[in-house]
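A.B. asks: Sharing a sequence plus its predicted fold:
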Amino acid sequence: MDLSTFVFYFFAGITLVSALFILFTRNILYAAFALMLTFLGVAGIFVFAGAEFIAITQILVYVGGILVLIVFGVMLTNRLQGQKVLTPVYRKLMGLIVGGGLFLILFKAIVEANFGAITWVSGNTQTEPTSLKKLGLTLMTDYVLAFEVIGILLLIALIGAIHMAGGKRKEVSDAS
Amino acid sequence: MYAFIFFLTFLLIYTIFAVYAERKISAFIQDRLGPMEVGYYGILQTVADLLKLVQKEDIVPTAADKKIFKPAPVIVFMAVFAGFAVLPLTSGFKGAEVQIGLFYLLAIISLDVVGILMAGWGSNSKYALFGAMRSVAQIISYEIPLGLSVLCVIMISQTLSLQEIIYQQGIYIQHLDEGAVNYLFGIKALGIETTNIGGILTWNIFRAPIFLIGYVIFFIASLAECNRAPFDIPEAESELVAGYHVEYSGFRWALIMLSEYGMMLLVSFLGAILFLGGWNSPLPNIGSFALADWTTGEPGTLPGHLWGGFWLIGKALIAVGVQIWIRWTYPRLRLDQLMNLSWKYLTPAAIILVLLSALWRLLMI
Amino acid sequence: MSKKGSYWHNIKSTTSTLGAGLKLTMRHLKDARKSREPMSPKNENYFDRQTGIMTTQYPKEVIPVPHNGRYKLDCEIDDCIVCDKCAKVCPVDCIDIEPVRAVDEFGKTSDGTPKRIYAAKFDIDMAKCCFCGLCTVVCPTECLTMTDEYDFSGFDFTEHNFAFAEMTPLEILEKKQAFEKFSAEKEAAKQAAATSAVPGTSKPRIPIKPKVRGGSTPVQQSETEKAEEPKTFRPKVPMKPRVPKPKGNDGDAQNPENE
């Protein structure tokens, strides 16, 4: 087993184990922190696949943003003083059936699919290490509309959040 | 690998002396003498403190959530230390050669938040929880002006690689890009080429003078990122005892302190790299006095390494010194003042700066 | 545009005040090169130095204290006549004295006052002391003084208890026995005299006498003491008359003997 295989299985293992932990633990907070490991494992796989930018975005957005939001949510909604936040388990049978069925479908599809036949996969064998400039150019030319729309959407969301959070309160000036 | 070893030892030694400097500067500002007993002028005081800390019992509160409580300091330290991986210390000496070093740095800093949350929640103490909540709310808020001010630099430099950003700010700009030239204040229309003058004139704060404001925004936001005074409500001693690390003792506490001072150093390094020319000399070439040439050294050569390390570490340590100076000058901000500053002053200013940077970039070509 | 409290005014005032703050602390930082010398507060230039480091390296550098400062108590036991005034006047009862009467005058203090009582125990508990200095005022022989030594910290409260008595347990025992013997002999002689003279009447007279002699207020105090003490006090009477004869500069000097 060479180093690259080892690294891949290392990150895949982290991802898998922490994902399973999320599934089986009933403590929401543990699940949230295990989610961080999952994200990091996925980020590692992204780096391994040569997609540094996506890996870092993964960490920045999911670990730094969404995960913290989740943990914050759990902490702020914790009404059971002194007790751990546990999730109940409902409808085990249905869950198993749906989950197992979905897994079978995906597994079958992945095994059956012939990825090599897709032209953009087969035609792009050599991965360029410095894909960042290309990514930037593509974003600002081919996908500029989507890019800008998303940007404006996020700005609106930001302003909306500020408005909702602080609009009602009266302004208190405190400087001098 | 050698960068790892270098930064680990450097961080340890730096922390020891930064704590000493912190105590001495605070003492001098308050007309005291500070530690005087251990070693000459008390210089070994922190070493003694560290030895004491390492020997201390690692107390884990009974009611703490041990699975979260124990690894939290490690995660905090890991996040900060991982940031050093991409810092180019000199023109040739660096950890990882990554194209997106700057982006990585911003992302890895945000991992810090998770560690703080774990420490705060795992301690099962109201002070720790309040501290963690405040800390996270503050760090996330100040990540926006910080990110925006960094974005300005990215827009001017047109790269995410820290090493490239530094190269652009000195006399070796053509090392990476043959056709690149620097103009005074970045304005081509002025017609004064500073490519070969170098020194302070090619630093980012001179290449685009709007970065003077940018650096101030960056500096303020970075203070908040480090939970340093005046943004230290997360660990406000007078109300929260010590904030999110109140339940920690012994080695784990030392680790948290180490990462706190490491964070100060990291943002100081980042500020020096982004705005203050990185490892480039501040002395310009004046006529026959080629001060910049003499004090920079060809990239990759031994003088290049020595001068580069000297300038970058020097700049970073001065920034740390200013952080300490500020800490002992200003009172702590209240939470609403903190949010006011971030959302009403720094963020709008940073957004305007992004716009101006885009315009400035047009002047440069 | 820059109305007070407005957005731009806030920015302006913040910048200027922050700058002023930094300047202030930088000035202190610069002044820290200078350090003030240890100087007594009695010195005329004591308040002149307003900048520089204000603290001193305490155990190494000491700011001189005035000689009339009220710090640790010191007792010159050789000069002490064990009058117990200090113990009585002490508001916090920090002086603990155990007297042993002598058979006869056994010495003189440096100012010539005769000593008739041995100090078996003269303990001053500085942990209790409130540094009022009353004991030094009442001391008739000025053997009790407040020194300028103020650093007598220890690891235990008992270290704050300073014993000034110099007698060994054996000496104390000897003196006690000698006095008991002496008083018993006296008693016997009295008894003999009483029987030979008017029997029964002499006894009540004796307690009255000392009161008349003492005259002043301390007598009432001494009475309580008397109640506690066993009969051995009776013999005091014959000794009393001697007290006023020597120097006896003032009333105070007489009173100790009352006890």
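C.D. replies: Perfect, I can see it now.
A.B. asks: From here on, just use CA atoms for contacts and neighbour counts.
C.D. replies: Will do.
A.B. asks: contacting residues around residue 21?
C.D. replies: I went with chain A, as the question did not name one. Residue A:21 sits next to A:31, A:34 when contact means CA atoms under 8 Å, 6 or more residues apart in numbering or on different chains.
A.B. asks: Please refer instead to chain C.
C.D. replies: So residue C:21 contacts B:329, B:330 (CA under 8 Å, 6+ apart).
A.B. asks: go with 10 Å
C.D. replies: Contacts for residue C:21 (CA atoms under 10 Å, 6 or more residues apart in numbering or on different chains) come out as B:326, B:328, B:329, B:330, C:15, C:27.
A.B. asks: Would you mind putting the CA coordinates of the helix or strand hosting residue A:46 into CSV?
C.D. replies: If you go by DSSP states H and E, residue A:46 is part of helix A:28-48. Once non-C-alpha atoms are left out, helix A:28-48 reads as follows in CSV (Å, rounded to 0.1, in the frame of the first residue of the first chain):
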residue,chain,number,x,y,z
ILE,A,28,-26.9,15.9,19.6
LEU,A,29,-23.8,17.8,20.6
TYR,A,30,-21.6,14.8,20.1
ALA,A,31,-23.2,14.3,16.7
ALA,A,32,-22.5,18.0,15.9
PHE,A,33,-18.8,17.7,16.8
ALA,A,34,-18.5,14.4,14.9
LEU,A,35,-19.9,16.2,11.9
MET,A,36,-16.9,18.4,12.1
LEU,A,37,-14.7,15.4,11.7
THR,A,38,-16.8,14.2,8.8
PHE,A,39,-16.4,17.6,7.1
LEU,A,40,-12.7,17.5,7.7
GLY,A,41,-12.4,14.0,6.3
VAL,A,42,-14.3,15.1,3.2
ALA,A,43,-12.1,18.1,2.9
GLY,A,44,-9.1,15.9,3.1
ILE,A,45,-10.4,13.7,0.3
PHE,A,46,-11.0,16.9,-1.8
VAL,A,47,-7.4,17.9,-1.3
PHE,A,48,-6.3,14.4,-2.2
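A.B. asks: Who are the packing partners of it?
C.D. replies: helix A:3-24, helix A:52-57, helix A:68-76, helix B:66-69, helix B:101-122 (3 or more CA pairs under 10 Å, 6 or more residues apart in numbering or on different chains; DSSP states H and E).
A.B. asks: Do a quick rundown of the helices in chain C.
C.D. replies: C:7-31, C:85-89, C:134-138, C:169-196, C:202-214, C:218-228, C:236-239, C:251-258 (DSSP state H).
A.B. asks: how many other residues sit next to residue B:271?
C.D. replies: 22 (other CA atoms under 10 Å in any protein chain shown).
A.B. asks: show me what contacts it?
C.D. replies: B:150, B:215, B:216, B:218, B:219, B:222, B:265, B:277, B:278, B:315, B:316, B:319.
A.B. asks: and which of those is nearest to residue B:197?
C.D. replies: Nearest to residue B:197 out of these is residue B:277 (CA to CA; 13.5 Å).
A.B. asks: tell me the contacts of that closest one?
C.D. replies: B:165-170, B:198-206, B:271, B:311-312, B:315.
A.B. asks: Tell me who's in contact with the closest residue to it other than its chain neighbours.
C.D. replies: Setting aside the residues directly before and after it, residue B:277 is nearest to residue B:203 in space (CA to CA, 6 or more residues apart in numbering or on different chains), at 4.6 Å. By CA under 10 Å, 6+ apart, the residues touching residue B:203 are B:165-166, B:168-170, B:182, B:185, B:209, B:211, B:272-278, B:280-282.
A.B. asks: Which neighbours in the sheet does the longest strand belonging to chain C have, and how are they oriented?
C.D. replies: Ranked by residue count under DSSP state E, the longest strand found in chain C is strand C:117-125. Here strand C:117-125 is paired, per DSSP bridges, with strand C:95-101 (antiparallel), strand C:161-163 (antiparallel).
A.B. asks: Checking my notes, residue B:339 in a helix, right?
C.D. replies: Yes - counting by DSSP: H, G, I helix; E, B strand; the rest coil, residue B:339 falls inside a helix.
A.B. asks: quick one, what contacts it?
C.D. replies: B:137, B:138, B:141, B:142, B:333, B:345, B:346.
A.B. asks: Could you measure from it over to residue A:164?
C.D. replies: 15 Å (CA to CA, to the nearest Å).
A.B. asks: And for residue B:197?
C.D. replies: To residue A:164, residue B:197 is 52 Å away according to CA to CA.
A.B. asks: Those two: which has the busier surroundings?
C.D. replies: Set side by side, residue B:197 and residue A:164 show more neighbours around residue B:197, with 23 against 10, by other CA under 10 Å.
A.B. asks: where's that one, which helix or strand?
C.D. replies: Using DSSP H and E, residue B:197 falls outside every helix and strand.
A.B. asks: tell me the phi and psi of it?
C.D. replies: phi -80, psi -40 (degrees, to the nearest 10).
A.B. asks: pretty sure it is touching residue B:173, no?
C.D. replies: No - Residue B:197 lies out of contact with residue B:173 (CA atoms under 10 Å); the separation is 11.2 Å.
A.B. asks: Need the overlap of contacts for these two.
C.D. replies: With CA under 10 Å, 6+ apart, residue B:197 and residue B:173 have common neighbours residue B:182.
A.B. asks: Where does pLDDT dip in chain C?
C.D. replies: Counting by pLDDT under 70, chain C shows low-confidence ranges at C:1-3, C:197-259.
A.B. asks: Tell me the residues of it that contact chain A?
C.D. replies: Within chain C, the positions adjacent to chain A are C:4, C:5, C:6, C:7, C:9, C:10, C:11, C:13, C:14, C:17 by CA under 10 Å from any CA of the partner chain.
A.B. asks: out of those residues, which is most surrounded?
C.D. replies: residue C:10 (19 neighbours).
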